[in-house]
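Participant: What follows is a protein structure lacking sequence information:
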């Protein structure tokens with residue numbers, strides 16, 4: 001539970017000793033951090049097509065990569081090109097501000113491409129999410145201290161190596177013991193539309209949630225909302241130790257209809273607001289392939305509501321499932337604006353992690 005839904009506090013930043021990396025194409029400028037409006041992905045509903053049969057038959061277990069790249073990669077995979085950070089001389093600007101980001105979705109998506117014998121598109125690669133995925137081996141801070149800072153450096157392998165050095169600044173948060181973790185109120189918003197009717201989508205969601213149930217305590221609380229053509233409540237707020245009721249709701253999930261993601265999220269936030277407890281962690285968890293073909297299909301249609309709830313203490317975590325007909329852009333943007341994080345589950349081993 002703690003490894004899955006409690007945010008791990010880890011950050012790697014590269015700072016040139018003689019030249020600093022400037023802000024990313026979507027990052028704020030120096031001096032003051034202001035959250036930018038992330039690009040909104042608007043895709044006409046008609047352009048979403050069902051994944052090919054080969055993708056639908058994709059199994060859960062990882063297969064050895066093929067000897068050569070696959071000439072028939074997954075179709076309808078949507079990514080965003082955010083550009084490349086420029087080099088900025090510190091004489092011109094000696095301050096860079098970075099927002100903490102613990103997303104890992106880019107790494108597991110790329111891993112899935114390689115496992116299937118495909119080369120990931122360059123737009124699918126976000127280096128910081130590769131870094132976030134792996135434990136950096138930093139020592140934990142002394143007991144009860146919030147975090148520790150670790151710094152090292154070396155000549156950069158990029159560009160003019162005689163001039164530039166690379167410095168790593170690592171931040172390691174305090175490890176909260178399992179018996180001391182804060183209680184949670186989780187509202188799952190689960191996509192049960194026709195596009196999720198695959199073993200590596202809805203069935204993997206169900207198996208992943210069954211693993212989670214084993215980690216819940218009596219002071220935790222779980223709600224479940226599903227959406228296809230319409231949204232509906234499957235599980236009212238239920239105590240974490242009522243595993244039989246929670247498992248019955250999870251195992252009842254079946255694919256149905258089109259994909260009205262907006263309706264699902266709105267109902268999910270309504271449920272989370274009803275179950276809100278200021279003494280616990282309140283989180284909406286979206287499980288989906290990111291495809292929306294009914295109602296408004298872009299993140300912008302529900303942007304304000306997501307940000308409003310995040311400001312009130314209800315954050316949004318988005319967890320992606322499936323290859324082919326998958327919208328990485330929407331899943332990542334929703335989590336960013338919900339003050340949460342984005343992960344991608346490619347098999348049951350990743351769910352266990």
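Facilitator: That came through, no problem. Since the structure is predicted, the reported quantities are computational estimates derived from the model, not experimental observations.

Participant: From what I see, residue 144 and residue 174 are in contact.
Facilitator: Yes - here residue 144 lies in contact with residue 174, judged by CB atoms under 8 Å, at a distance of 7.2 Å. For glycine as for every other residue, the C-beta is placed from the backbone atoms N, C-alpha and C.

Participant: So for these two, which sits in the more crowded spot?
Facilitator: residue 174 (15 against 6; other CB atoms under 10 Å).

Participant: Surely the more buried one and residue 180 touch.
Facilitator: No - contact criterion CB under 8 Å: residue 174 and residue 180 do not qualify, at 10.3 Å.

Participant: where does the protein have low pLDDT?
Facilitator: 1-75, 98-99, 101, 159-162, 293-301 (pLDDT under 70).

Participant: which residues of it fall in strands?
Facilitator: Ranges of strands in the chain, per DSSP state E, are 10-16, 19-21, 77-78, 87-89, 147-155, 165-173, 184-191, 221-227, 231-239, 281-288, 314-321, 326-327, 342-345.

Participant: would a markdown table of those strands with mean neighbour count and distance to residue 118 be doable?
Facilitator: Below are the strands of the chain laid out as a markdown table (neighbours: other CB atoms under 10 Å; distance: least, CB to CB, whole Å):
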| stretch | mean neighbour count | distance to residue 118 |
| --- | --- | --- |
| strand 10-16 | 18 | 27 |
| strand 19-21 | 19 | 30 |
| strand 77-78 | 22 | 10 |
| strand 87-89 | 14 | 32 |
| strand 147-155 | 12 | 33 |
| strand 165-173 | 17 | 31 |
| strand 184-191 | 25 | 24 |
| strand 221-227 | 25 | 30 |
| strand 231-239 | 17 | 34 |
| strand 281-288 | 24 | 22 |
| strand 314-321 | 24 | 17 |
| strand 326-327 | 27 | 13 |
| strand 342-345 | 26 | 15 |
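
Participant: so which of those gets nearest residue 263?
Facilitator: Counting by CB to CB, residue 263 lies closest to strand 231-239 out of the strands of the chain; the figure is 4.1 Å.

Participant: That closest one - contacts with which helices or strands?
Facilitator: strand 221-227, helix 243-251, helix 261-274 (3 or more CB pairs under 8 Å, 6 or more residues apart in numbering; DSSP states H and E).

Participant: how does it look with 10 Å?
Facilitator: strand 184-191, strand 221-227, helix 243-251, helix 261-274 (3 or more CB pairs under 10 Å, 6 or more residues apart in numbering; DSSP states H and E).

Participant: could these be laid out in CSV, adding distance to residue 111?
Facilitator: Formatted as CSV, these follow (distance: least, CB to CB, whole Å):
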stretch, distance to residue 111
strand 184-191, 22
strand 221-227, 28
helix 243-251, 26
helix 261-274, 25
